[in-house]
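Colleague: One predicted model, sequence on top.
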There are 2 protein chains.
Amino acid sequence: MAYTYEYPRPSVTVDCVVFGLDDSADLRILLIERADDPFAGHWALPGGFVDMGEDLDLAAKRELEEETGIKDIFIEQLYTFGAPNRDPRGRVISVAYYALVNLSEHPIKAASDARQAKWFKISELPPLAFDHNKVLEMALERLRAKVLYKPIGFELLPEKFTLTDLQNLYETILGQQLNRRNFRSKILKMGLLEQQERQQNVPHRPAYLYKFNKEKYQRLSERLGEFIFEIRFQPRETED
Amino acid sequence: MAYTYEYPRPSVTVDCVVFGLDDSADLRILLIERADDPFAGHWALPGGFVDMGEDLDLAAKRELEEETGIKDIFIEQLYTFGAPNRDPRGRVISVAYYALVNLSEHPIKAASDARQAKWFKISELPPLAFDHNKVLEMALERLRAKVLYKPIGFELLPEKFTLTDLQNLYETILGQQLNRRNFRSKILKMGLLEQQERQQNVPHRPAYLYKFNKEKYQRLSERLGEFIFEIRFQPRETED
């Protein structure tokens, strides 16, 4: 088959940055080893060409499932990368997506154009194919900015969690330790957490469990367009 | 000339949502009247096809200048729209950009594919071609969210401004009136405004002028990735 057009056209791909929290609350990135050229044998973000009748986010979900087995996750558009020489095959414009999942709930299985799929620690990333290091960098920046003004990430914790669990999650995503007293006061001041019973059967003094009040968050969100998660955390050095 | 490919390819365009503040601090949108089909004679966002050797943001700036005469402005990528049937010509994926400018500093002049270019009040928008109403809606949402966590818009005011000028700017962008005392206290609490001398030659009690401290903002921004502009404004009804 051949397709002929009056003007030259670019190819369009999608790429997915999937962040996963592991059991030690470490942040990982899902990568695939490419089976085909260009960059055969290199690690890359899962992704591929958009079909002609397919919506962009559906293409991202399809490619992610084909190459890594991950499905039924919430993905969000990140940015579109279109530097003229970013792909040795010619002009390829890529729409990047990102997601944050609980790693243990999403077993992976490589197939299609992927020789293997693997969760890498951020501190142990291999060099990536194409401009994927840049894509990943931007996704990480977006995730870190977002966690400061939206209650992202609550869905990664069990329904009831301690403030220490929540602080660990924030510290993992932000990549830095936070002042404990400041964190607790800022988080509780939001008024979105509901205190529950104390922990049971723990080898230390049991802490209170909390639930995230999603309904209240929805209501507040509608007040001024986007509700501002009013937090300016202090780093750990300021511990008092 | 004809271009032949093994697989079908989409076309890729760019579209620009340019917000402009007029002399009465009203928010306007720059639209063009399309000269050609599809949608000839309809109003649309300025934009057009990306050239093969051209970066996406350069394409957006080029199309904007060709169709409206506006140049040398800071534009930011908004979102990529790729629903399979968004364009009657076939599969056309559009990378949207947005910008906020001072209207009086950017005279417009229609040319190229635009029959005319015009600043429309948000309250008086005509129906737009393609999915441009949806694009504009998202740009407005992004602008409103952004103004709550980044000191966007300061560059639209003169170097020295009153808190009333600043509040008018915020009210215009947010599309709602804010509680005066709450606005002043939140804005000053940021610590990014420097008090200057009082106004001169005004027919009312002269107010203090302020300057935005860009250097301090830059320093704070670097502390936790993205500095959080810690503001949760109260609507005007809560005036005390």
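Modeller: Structure's in. What do you need? Residues are numbered from 1 along each chain as shown, chains lettered A, B, ... in the order given.

Colleague: is the helix of greatest length in chain A anywhere near chain B?
Modeller: Looking only at chain A and at elements set by DSSP state H, the helix with the highest residue count is helix A:132-146. Yes - counting by CB under 8 Å from any CB of the partner chain, chain B has neighbours in helix A:132-146: A:141, A:144, A:145. No exception for glycine: its C-beta is placed from N, CA and C like everyone else's.

Colleague: what about the helices in chain A?
Modeller: Here chain A has its helices, by DSSP H, at A:56-68, A:132-146, A:163-174, A:180-189, A:214-223.

Colleague: contacts for the third one?
Modeller: Under the contact criterion CB atoms under 8 Å, 6 or more residues apart in numbering or on different chains, helix A:163-174 has outside partners A:21, A:25-27, A:143-144, A:147, A:153, A:156-157, A:177-178, A:180, A:183-184, A:187-188, A:207-208, A:210, A:233, B:224-225.

Colleague: how does it look with 7 Å?
Modeller: A:21, A:25-27, A:143-144, A:147, A:153, A:156-157, A:177-178, A:180, A:183-184, A:187, A:207, A:210 (CB atoms under 7 Å, 6 or more residues apart in numbering or on different chains).

Colleague: from the chain's centre, how far out does it sit?
Modeller: 15 Å (CA atoms, centre = their mean, to the nearest Å).

Colleague: List the buried residues in it.
Modeller: Of the residues in helix A:163-174, A:163, A:165, A:166, A:167, A:168, A:169, A:170, A:171, A:172, A:173, A:174 count as buried by neighbour count, 16 or more other CB atoms under 10 Å in any protein chain shown.

Colleague: ok, the first one to residue A:181 distance?
Modeller: I take that to be residue A:163. 11 Å (CB to CB, to the nearest Å).

Colleague: what does the fourth one give?
Modeller: Taking CB to CB as the criterion, residue A:167 is separated from residue A:181 by 11 Å.

Colleague: What of the third one?
Modeller: Using CB to CB, residue A:166 is found at 14 Å from residue A:181.

Colleague: Same list (the residues of helix A:132-146 next to chain B) but as JSON lines, adding neighbour count and pLDDT.
Modeller: As requested, the residues of helix A:132-146 next to chain B are exported to JSON lines (neighbours: other CB atoms under 10 Å in any protein chain shown; pLDDT from 0 to 100):
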{"residue": "A:141", "neighbour count": "13", "pLDDT": "90"}
{"residue": "A:144", "neighbour count": "17", "pLDDT": "85"}
{"residue": "A:145", "neighbour count": "17", "pLDDT": "79"}
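
Colleague: Could you spell out which stretches of chain A belong to which domain?
Modeller: A:11-146, A:154-238 (automatic domain parsing).

Colleague: Can you name the residues that contact residue A:95?
Modeller: Contact criterion CB under 7 Å, 6+ apart gives A:12, A:14, A:56, A:77, A:80, B:80 as the residues in contact with residue A:95.

Colleague: mind running it again at 6 Å?
Modeller: A:14, A:56, A:80, B:80 (CB atoms under 6 Å, 6 or more residues apart in numbering or on different chains).

Colleague: who's it bridged to?
Modeller: Taking DSSP bridges as the rule, residue A:95 bridges to residue A:14, residue A:80.

Colleague: Is residue A:4 in contact with residue B:1, as I believe?
Modeller: No - with contact defined as CB atoms under 6 Å, residue A:4 and residue B:1 do not form a contacting pair (10.5 Å).

Colleague: Save the buried residues of helix A:163-174 as JSON lines, and put in distance to residue A:86 too.
Modeller: Written out in JSON lines, the entries for these read as follows (distance: CB to CB, whole Å):
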{"residue": "A:163", "distance to residue A:86": "43"}
{"residue": "A:165", "distance to residue A:86": "40"}
{"residue": "A:166", "distance to residue A:86": "38"}
{"residue": "A:167", "distance to residue A:86": "38"}
{"residue": "A:168", "distance to residue A:86": "36"}
{"residue": "A:169", "distance to residue A:86": "33"}
{"residue": "A:170", "distance to residue A:86": "33"}
{"residue": "A:171", "distance to residue A:86": "33"}
{"residue": "A:172", "distance to residue A:86": "30"}
{"residue": "A:173", "distance to residue A:86": "27"}
{"residue": "A:174", "distance to residue A:86": "29"}
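
Colleague: Kindly indicate which of the contacts of residue A:95 lies nearest residue A:121.
Modeller: Ranked by distance to residue A:121 (CB to CB), the contacts of residue A:95 are led by residue A:14 at 24.6 Å.

Colleague: Return the distance of the closest one relative to residue A:109.
Modeller: Relative to residue A:109, residue A:14 is positioned 20 Å away (CB to CB).

Colleague: what about the two, which has more around it?
Modeller: residue A:14 (29 against 12; other CB atoms under 10 Å in any protein chain shown).

Colleague: ok, the more buried one - contacts?
Modeller: The contact partners of residue A:14, by CB under 6 Å, 6+ apart, come to A:47, A:50, A:59, A:60, A:63, A:95.

Colleague: Make a PyMOL selection of the buried ones in those.
Modeller: With 16+ other CB under 10 Å as the criterion, this PyMOL line picks the buried residues out of these:
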select buried, chain A and resi 47+50+59+60+63+95
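
Colleague: which of the contacts of residue A:14 sit farthest apart?
Modeller: Considering CB to CB, no two members of the contacts of residue A:14 lie farther apart than A:63 and A:95, which are separated by 11.0 Å.

Colleague: who's in contact with stretch A:60-76?
Modeller: Counting by CB under 6 Å, 6+ apart, the neighbours of stretch A:60-76 from elsewhere in the structure are A:14, A:16, A:32, A:46-48, A:97, A:99, A:101, A:106, A:108-109, A:112, A:114, A:117.

Colleague: Which of these fall in strands?
Modeller: Those of those mapping onto strands are A:14, A:16, A:32, A:47, A:48, A:97, A:99, A:101, A:114, A:117, per DSSP state E.

Colleague: Turn these into JSON lines, including pLDDT.
Modeller: Listed next are the ones in strands among the contacts of stretch A:60-76 as JSON lines, based on pLDDT from 0 to 100:
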{"residue": "A:14", "pLDDT": "98"}
{"residue": "A:16", "pLDDT": "98"}
{"residue": "A:32", "pLDDT": "97"}
{"residue": "A:47", "pLDDT": "97"}
{"residue": "A:48", "pLDDT": "97"}
{"residue": "A:97", "pLDDT": "98"}
{"residue": "A:99", "pLDDT": "95"}
{"residue": "A:101", "pLDDT": "91"}
{"residue": "A:114", "pLDDT": "88"}
{"residue": "A:117", "pLDDT": "96"}
